[in-house]
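Novice: Sequence first, predicted model second:
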Amino acid sequence: QKEVEQNSGPLSVPEGAIASLNCTYSDRGSQSFFWYRQYSGKSPELIMFIYSNGDKEDGRFTAQLNKASQYVSLLIRDSQPSDSATYLCAPSSNYKLSFGAGTTVTVRA
Amino acid sequence: DAGITQSPRHKVTETGTPVTLRCHQTENHRYMYWYRQDPGHGLRLIHYSYGVKDTDKGEVSDGYSVSRSKTEDFLLTLESATSSQTSVYFCAISEPGTGRTDTQYFGPGTRLTVL
C-alpha cells in the first residue's frame, strides 16, 4: 500500500499570508510529484509538478522536494480568497498516481 | 482544458443493477484512468488503461470492470451496484513521455448514488 500523508486541515490563513502544505510519501520509487487544487464539487486541476530535489517556483506557488526525506511541500505566497480549496499531493510511480486525502485551505479576507 | 467528458454526470440507481460510466477524450492520450473519491479517502485508483484493449487493476478494483475498444473511450462498469459504490467517479488521461511528465488531467466527474 503506497501511503501519502498530508498535514491535516483545515488550514486557515489571512489574505496575503503564506500557506504551507506538507506531504510525505512511502514509495521510494516515486519519480514525479504533483500538486492539484480541487474546489468543492469540482475536479482536480494541476497546479504544478516537480521531479528533481530542490525548489520549483511558478508564480505564487513554490514546490519543494526532498527525496531522501520522502517529503514534498507546496507554498502559496500572497494567499488570495480564490486560493481557498483542497490541495492534493500525488506522487507518481509507473505512470500511476497515489493521492493523499488533501489539505483544505481557507483564506480569510 | 483537456478534452475530457464523462457521462452521465449524475446517476441514481438501485442496489443490484448494472451501471456503466463513460469517459470520452479528444486528446488521443494513451493512458486513461478511473478513480473514485470519497470523504476522508482522497482519490483512489480503480482501473487504468495503457492502450486499446490494455487494462490493469488499481487499488480498489473489486466490483468494477473496464473496457477500452477505442483510444477515445474508457468504460467503467459496476456489474451489480452496491451502496458502498456510492461515490464521485473521475476519469483522467495522460500521455507519458511528453515533456518528461506523466501529468494526469481530470474529467468533470460523475456523481453516483446507489440506493
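Specialist: Nice, I can see it.
Novice: Next, the contact list for residue 88, please.
Specialist: You didn't say which chain, so I picked chain A. A:6, A:35, A:36, A:37, A:38, A:44, A:99, A:100, A:102, B:42, B:43 (CB atoms under 8 Å, 6 or more residues apart in numbering or on different chains). Every C-beta, even on glycine, is put in place using the N, C-alpha and C of the backbone.
Novice: nope, chain B please
Specialist: Per CB under 8 Å, 6+ apart, neighbours of residue B:88: B:36, B:37, B:38, B:109, B:110, B:111, B:112.
Novice: And these, which is closest to chain A?
Specialist: Ranked by distance to chain A (CB to the nearest CB), the contacts of residue B:88 are led by residue B:109 at 5.2 Å.
Novice: What is the neighbour count of that closest one?
Specialist: Neighbourhood size, residue B:109 [other CB atoms under 10 Å in any protein chain shown]: 20.
Novice: Name the residues of stretch B:58-71 that are buried.
Specialist: Within stretch B:58-71, the residues that count as buried by 16 or more other CB atoms under 10 Å in any protein chain shown are B:58, B:60, B:61, B:64, B:66, B:68.
Novice: Chain neighbours aside, what residue packs nearest to the first one?
Specialist: To tie it back to what came earlier, the one meant is residue B:58. The shortest distance from residue B:58 to any residue that is not its chain neighbour, by CB to CB, 6 or more residues apart in numbering or on different chains, is 3.1 Å, and that residue is residue B:45.
Novice: now the helix or strand hosting that neighbour: mean pLDDT?
Specialist: Counting by DSSP states H and E, the secondary-structure element that holds residue B:45 is strand B:42-51. This predicted structure assigns strand B:42-51 an average pLDDT of 95.
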